[in-house]
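1. quick one: sequence plus predicted model below, questions after.
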Amino acid sequence: MANRGKGKHLLARLSINKANAPYVFLSPGLLMLAVFVAWPVFHALLISLQNWSLVGMNGFAGLANYRTVLSDGLFYTSVKNTLVYCLGTVPVGIALSLALAILLDRALVGRAFFRGAYFFPSVISMVVVALVWQWLFNQEFGFINYLLTKLGMESLPWLTNPGLAMWAVIGVSIWKNVGYYMIIFLAGLQNIPEEYKEAAKIDGAGGLREFIHIVLPLLRPTTLFVLIISIISSFFVFDQVYVMTSGGPAFGTITVVQYIYREAFEMHRMSIGSAAAFLLFMGTLLVTFLQLKLFREE
Amino acid sequence: MRKKTPLRILRYAGKTFIYCVLVIGAVSMIFPFIWAVLTSLKADASLYTWPPVLLPAHPQFANFVRAWNSAPFTRFFINSVVVAGLTTALMLVLSSAAGFAFAKYSFRGRNILFIGCLGTMMVPFQVRMIPLFQMMTSFRMLDTYQAMILPEVISAFGIFIVRQFMSTIPDELLEAGRMDGCSETGLLFRIMIPLSKPVLAVLATLTFQWQWNNFLWPLIVVRNEKMFTLQVGMALFRGQYHTEWNLLMAVVVIGLLPTLVFALTCQRYLVKGVMMSGIKG
């Protein structure tokens, strides 16, 4: 590397060599990470400790913003809704995607079609999914209520009843994400040696028992991973709620991220929003840490 | 031998049951989109009837033109292409360079930088969105492509998967390149990037999909309708024409088409990408 244009031009002396190459290659990427990922976390903490509003910063606030958030009834509503969403989506989502992965791991006519069909909704934007389902859930002319009346049941005010709306949102989210987690489980199943799975492939109760005792324990790291990412993503749910119900009716579906969005970008209380965001961040870290501790130690 | 016949019947019954479950599931996955297409073809009058008209008697293909022209959707579409395309291109270059450095050089601070880099994966976007918004405000970049693109052009995940792949490329290739007088930049662009096509294809597909579907950040950082992405535009359209479901579904169907083509052509990479994120954990 030293013999190319040695010392002739200033440019050549400044050129990239084996010693400085890693720093040159790293700096653009790491600079972007530092400016747009690392720094904003600290800045979020700073904002949450100050008095920021639309007009700018006026003074240090200490923990006052956190106190405001923690004494706001709407914040607790949003936490409660987010937990309901988490408990509604995660267990059913994992069970369904695991079951699908097991069924579609074996040789089956039409396997590629089935995998594609289940995976497709997870590729689509949540906005599109939410709009389509909003129409399906329409109280007066929607297809879901049409089906219900066909089956001899009553039409339901899916998205206009505070109690029902969250279940509609939960149903849509499971529907959208089941294929995504199915693929992760399929990857996990592929890593399990064939001979273990052979035993579980025999249909009937015997096969099921083998499955529970042999395959499931081997799938444990995958299951833990899916559990953690699905819980985290449920804590940060926003798009489908924003589009389907805008957090309503009567804040029946407002989630924590929506609370943050509302405080920061609709009420222009950046500091309150940041404090709530930080509380959510801490909560997520704590829950993830607890899961890792609980499941890794056994 | 006696048990063979019942067992076989049981097995057939089991198979049939499994197929029934799978078919019902698959129909419920696909039907909402078919319903969207059927709705988009309905005349305004046949929209609000009970029981609903299942198959529109006179398909209104003009709905698509009407819907598309009722808001600057062409502009939204172009915005989405620009944002997702540029983000993906920058992500590929930045991740390749950083992944190469982490994979093939030993230098002071490598481990600490790498761990710090992975650490940023823990930070959810929702925690950063308020400071990022303020940053864009103070840079006077609200309502610009830069604002939508810059915070998304790098991710620790991208650096990580590229690094993992490049680590498997033999060092001898680099040494041979150096012997032939190839510069370090040449090694990156002529040897490492071409050999890393499999992982870069996955990263490109995932990034493009994420950015195409991204909603929250463009929603925050863009207020001027001209700069809306397709996702924001569609969500806004709902607000404006709440009751015109045939037009709304027409927009949704047009918005779905590129995703459908994308999913069919890139399914292999999309699936691989999801699997990679699974193995990582």
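-> That came through fine. Residues are numbered from 1 along each chain as shown, chains lettered A, B, ... in the order given.
2. tell me the contacts of the residue nearest to residue A:123 when sequence neighbours are not counted?
-> Closest residue in space to residue A:123, ignoring its immediate chain neighbours: residue B:263 at 4.6 Å, by C-beta to C-beta, 6 or more residues apart in numbering or on different chains. Placement of C-beta: from N, CA and C, glycine included. Residue B:263 sits next to A:120, A:123, B:270 when contact means C-beta atoms under 8 Å, 6 or more residues apart in numbering or on different chains.
3. what helix or strand is residue B:263 located in?
-> If you go by DSSP states H and E, residue B:263 is part of helix B:245-280.
4. again, but for residue B:92
-> helix B:73-104.
5. hmm, the helix or strand where residue B:39 lies touching chain A?
-> Residue B:39 is part of helix B:4-40, with elements assigned from DSSP H and E. Yes: if you take C-beta under 8 Å from any C-beta of the partner chain as the test, helix B:4-40 does meet chain A, through B:7, B:10-11, B:14-15, B:18, B:21-22, B:25-26, B:28-30, B:32-33, B:35-36, B:39.
6. and the gap between the residue positioned nearest the centre of chain B and residue A:125?
-> With distances taken as C-alpha atoms, centre = their mean, residue B:209 lies nearest the centre of chain B, 1.3 Å away. Residue B:209 sits at a distance of 9 Å from residue A:125 (criterion: C-beta to C-beta, to the nearest Å).
7. assign residue B:54 to helix, strand or coil.
-> What DSSP: H, G, I helix; E, B strand; the rest coil gives for residue B:54 is coil.
8. give the contact list for it.
-> Counting by C-beta under 8 Å, 6+ apart, residue B:54 makes contact with residue B:38.
9. next one: residue A:115
-> By C-beta under 8 Å, 6+ apart, residue A:115 lies in contact with A:104, A:179, A:182, A:183, A:186.
10. switch the cut-off to 6 Å
-> Residues near residue A:115 by C-beta atoms under 6 Å, 6 or more residues apart in numbering or on different chains: residue A:104.
11. list the buried residues in the top helix by length along chain A.
-> The single longest helix within chain A, with elements called by DSSP state H, is helix A:73-105. For helix A:73-105, the neighbour count (16 or more other C-beta atoms under 10 Å in any protein chain shown) marks A:75, A:77-79, A:81-82, A:84-86, A:88-90, A:93-94, A:96-98, A:100-105 as buried.
12. which strands or helices does that helix pack on?
-> Contacts defined by 3 or more C-beta pairs under 6 Å, 6 or more residues apart in numbering or on different chains; DSSP states H and E place helix A:73-105 against helix A:111-123, helix A:162-190, helix A:220-235, helix A:256-261.
13. I'd like the mean pLDDT over the second one, please.
-> Summarised as a single mean, pLDDT over helix A:162-190 is 93.
14. tell me, how many residues neighbour residue 214?
-> Picked chain A for this. Number of residues near residue A:214 (other C-beta atoms under 10 Å in any protein chain shown) recorded here: 17.
15. should've been chain B
-> The burial count for residue B:214: 24, using other C-beta under 10 Å.
16. over to it: give its phi and psi.
-> Taking degrees, to the nearest 10, you get phi -60, psi 130 for the backbone angles of residue B:214.
17. one step back: just name the most buried of the helices and strands packed on helix A:73-105.
-> helix A:256-261 (a mean of 26; mean count of other C-beta atoms under 10 Å in any protein chain shown).
18. what does it contact?
-> A:75, A:78, A:82, A:236, A:238, A:241, A:247, A:273, A:276, A:277, A:280, B:126.
19. what's the pLDDT at the fifth one?
-> Among the per-residue scores, residue A:238 holds a pLDDT of 95.
20. check contacts around it.
-> A:257, B:216.
21. separation between it and residue A:75?
-> For residue A:238, the distance to residue A:75 - C-beta to C-beta - is 16 Å.
22. what does the fourth one give?
-> Remark: distance between residue A:236 and residue A:75 (C-beta to C-beta) = 16 Å.
23. next one: the last one
-> Applying C-beta to C-beta, the value for residue B:126 to residue A:75 is 15 Å.
24. and residue A:139, what element?
-> In the assignment (DSSP H and E), residue A:139 maps to no helix and no strand.
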